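Student: Output the structure for:
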Amino acid sequence: PDTGWEDYVDGWDVVLPDGTVVKPDPNSPFTRLLLHPHVTEQPFTRSQSGIIIPEDVTTVTVRAHDLLHGFGGVEVVVDLTQPTGENYEVSRNS
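Tutor: Numbers count the residues shown, from 1 in each chain. From the prediction side, this is the model:
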């Protein structure tokens, strides 16, 4: 969990099965950049628009990046054929 400005989750990625990281902003270091700690918001949730996933992809992995420790912790495998799962919800734009 976030402990302050020295140690917090600074981003998360959506990763395709082939290892490609999906980024709405190609210049961003992550799929979703987080600019500050969320010490008093545990657990906290954030969404990200503009994520385009190829139609033939049925699963993606979501991984978090910590400012101090890098990538690690629990990765969530999202089944895109289901509207919800443990620790996730899929929202699609037509």
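Student: Distance of Gly85 relative to Ile52?
Tutor: 20 Å (Cβ to Cβ, to the nearest Å). From N, CA and C alone the C-beta is placed, and that goes for glycine too.
Student: Tell me which of those two has more neighbours.
Tutor: Between Gly85 and Ile52, counted using other Cβ atoms under 10 Å, the more crowded position is Gly85 (13 against 8).
Student: Now do the contacts for the closest residue to the more buried one other than its chain neighbours.
Tutor: Among residues not flanking Gly85 along the chain, Asp79 sits closest, at 5.7 Å (Cβ to Cβ, 6 or more residues apart in numbering). Listed by Cβ atoms under 8 Å, 6 or more residues apart in numbering, the contact partners of Asp79 are 58-59, 85.
Student: shaky segments in this protein?
Tutor: Across the chain, the ranges flagged by pLDDT under 70 are 1-2, 39, 42-46, 94.
Student: Which residues are in contact with Pro17?
Tutor: Counting by Cβ under 8 Å, 6+ apart, Pro17 has contacts 57, 59-60.
Student: in what helix or strand does it lie?
Tutor: Of the helices and strands defined by DSSP states H and E, none includes Pro17.
Student: thinking again about what came up before, which ones among the contacts of Pro17 map onto strands?
Tutor: Helix and strand membership here follows DSSP state E; of the contacts of Pro17, those in strands are 59-60.
Student: Which one of the contacts of Pro17 sits in the busiest neighbourhood?
Tutor: Note: the member of those with the most neighbours is Val60, at 22 neighbours, neighbours being other Cβ under 10 Å.
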